[in-house]
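Asker: quick one, what's the 3D model for this:
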Amino acid sequence: MQAFSIKPNREGNSIEQVLAEAIREAQFSTHIDDPKPPTLIYGVDLPTLKKQHDEMLNQRTVEVKSKGKVRYRAIRKDRNTLMTVISSFPIRITDLDKDGTGETRRMFEKWKKLNTEHLRNLFGDKLKTIIEHTDEEFPHLHAYILPDNDPGAFANALHPGEVAKADAAETAKAEGLTGKAINKVANKVYQAAMSGWQDDFYKAVGAPCALTRDGPRRARKTRARWQAEKIAAKATADVIEKNETQAKKLKTEARALRSQSETLDDAEDDIEAARAKIASDRAQLDLDRAKLNKDRANFKKTIDMVRGGIQQIFDVVAEKLGVSLAGVPVVLDAMKLLRKAADDLDATKPDEAMAIAYTLVETAKLNNVDPQAWLTCVLAQITDLKITCPDELLLWSYAAQAA
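Answerer: Predicted coordinates for the structure are as follows:
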């Protein structure tokens, strides 16, 4: 992990030189036998990265106070404004497919994927580019991070070792230390911070890919110890992968259960709504039944009045003519017919009876006539009505008289 500036550092490395080497420009790739363009595996390509970096600097200025005046100037060219991370896979390119099972190649692809996820978790949107080089002995990745959320564009603020070192130096200075004593304390803290950073990297990337924390040379391990550690690393990776597979399965099942739960919740809501609708309909049905029973009672009274009126009509007719009609077959048939009509009307189904009654009532209303007053008038006068003048009690005749 290293930061670079526009101006070359002591080793002669600058942002321009670092990106040119990554692109494999000829003058910066003399150490490569057969230079090949890098493979972009995340973010923007390197020319776009350079453009984003330059735009970041052009949009920023630094406030400078001199002789009581405030001036603004561009960011210094020796300030580190680009952070890089290099990660190398410890198996030669020529050996990636040597095992004949595809397992090493699968672990390599997994390693690249975990690198990308780990760096994204560390740097978020500041991670702009990750490229892969496969033209050297060992395959490796280059990651590039821009401090574009920092007004001063300090790339060192992205380096855990540099941040820890600066904080330690400030603390040591405040405690009265000077010179080399400050550097000694700060460097020790730097090493501890970077060791922790590498531990985190190993947990996130190395261990799941069956890699060891340290190589055999660095820790001067014997061959037997190195072989034992590789076997242990493979076993650890298998356990991690098995746990990851199980975790993914559990997540899938949990999502399915949540979906089912949401479906059941929706169904329960629908059931509650249906229950409320049924309760409302029942209440309305009770009201309708009560009204129907009341209308039926009133209609029954009307039928009884019709029956009485039929008998009165024949009695009046007989009296007017001065004869007895009881034995006249035609009259008897007429009385039977009228009484049967009344009986049929009484036996009519409630819905049909109500239709007949409502027809009379609504017809009266449409003619602006009080239904009750009209029917009362008809029943009161029908006994004295001449048999040849039935239209006098019709609705429109009544309406004309009432007007």
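Asker: count the neighbours of Tyr398 for me.
Answerer: Tyr398 is flanked by 21 other residues according to other Cβ atoms under 10 Å. The C-beta positions use only the backbone N, C-alpha and C, and glycine is treated the same way.
Asker: please, which helix or strand holds it?
Answerer: For Tyr398, the host element (DSSP states H and E) is helix 395-402.
Asker: before we move on, what about Ile131?
Answerer: If you go by DSSP H and E, Ile131 is part of strand 127-133.
Asker: returning to that earlier point: and the helix holding Tyr398, what does it pack onto?
Answerer: helix 371-381 (3 or more Cβ pairs under 8 Å, 6 or more residues apart in numbering; DSSP states H and E).
Asker: tell me which stretches of the stretch 251-400 of the chain form helices.
Answerer: With DSSP state H, counting those that start in this stretch, the ranges of helices along the stretch 251-400 of the chain come out as 329-347, 350-366, 371-381, 395-402.
Asker: coming back round to it: the helix holding Tyr398: which residues count as buried?
Answerer: Residues of helix 395-402 classed as buried: 395, 398 (neighbour count, 16 or more other Cβ atoms under 10 Å).
Asker: thinking again about what came up before, downstream of the strand holding Ile131, the next helix or strand is which one?
Answerer: Next in sequence after strand 127-133, counting helices and strands by DSSP H and E, comes strand 140-145.
Asker: contacts for that next one, please.
Answerer: 22, 38, 41-43, 46, 49, 82-89, 112, 115, 119, 123, 126-133, 155, 158 (Cβ atoms under 8 Å, 6 or more residues apart in numbering).
Asker: flag the shaky bits of the stretch 101-250 of the chain, pLDDT-wise.
Answerer: Within the stretch 101-250 of the chain, the stretches with pLDDT under 70 are 215-221, 226.
Asker: again, 50 this time
Answerer: Across the stretch 101-250 of the chain, nothing is flagged by pLDDT under 50.
Asker: ranges for the helices of it?
Answerer: 103-123, 160-174, 179-201, 223-321.
Asker: which pLDDT does the model give the residue nearest to the spatial centre of the chain?
Answerer: For the chain, Ser259 is the residue whose C-alpha lies nearest the centre (Cα atoms, centre = their mean; 12.1 Å). If you check Ser259, the pLDDT there is 85.
Asker: circling back: strand partners (parallel or antiparallel) of the strand holding Ile131?
Answerer: Neighbouring strands of strand 127-133 in its sheet, by DSSP bridges, are strand 39-43 (antiparallel), strand 140-145 (antiparallel).
Asker: just the angle between the last one and helix 103-123, please?
Answerer: In terms of direction (axes from the mean of the first three to the mean of the last three Cα atoms, to 10 degrees), strand 140-145 departs from helix 103-123 by 10 degrees.
Asker: output strand 140-145 in PDB with nothing but the alpha carbons.
Answerer: Output of strand 140-145 as PDB, limited to C-alpha atoms (Å, rounded to 0.1, in the frame of the first residue of the first chain):
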ATOM      1  CA  HIS A 140      -1.400  -9.600  -9.100                       C
ATOM      2  CA  LEU A 141      -3.900  -6.800  -8.800                       C
ATOM      3  CA  HIS A 142      -3.400  -3.000  -8.700                       C
ATOM      4  CA  ALA A 143      -6.100  -0.900  -6.900                       C
ATOM      5  CA  TYR A 144      -6.300   2.900  -7.100                       C
ATOM      6  CA  ILE A 145      -8.100   5.100  -4.600                       C
END
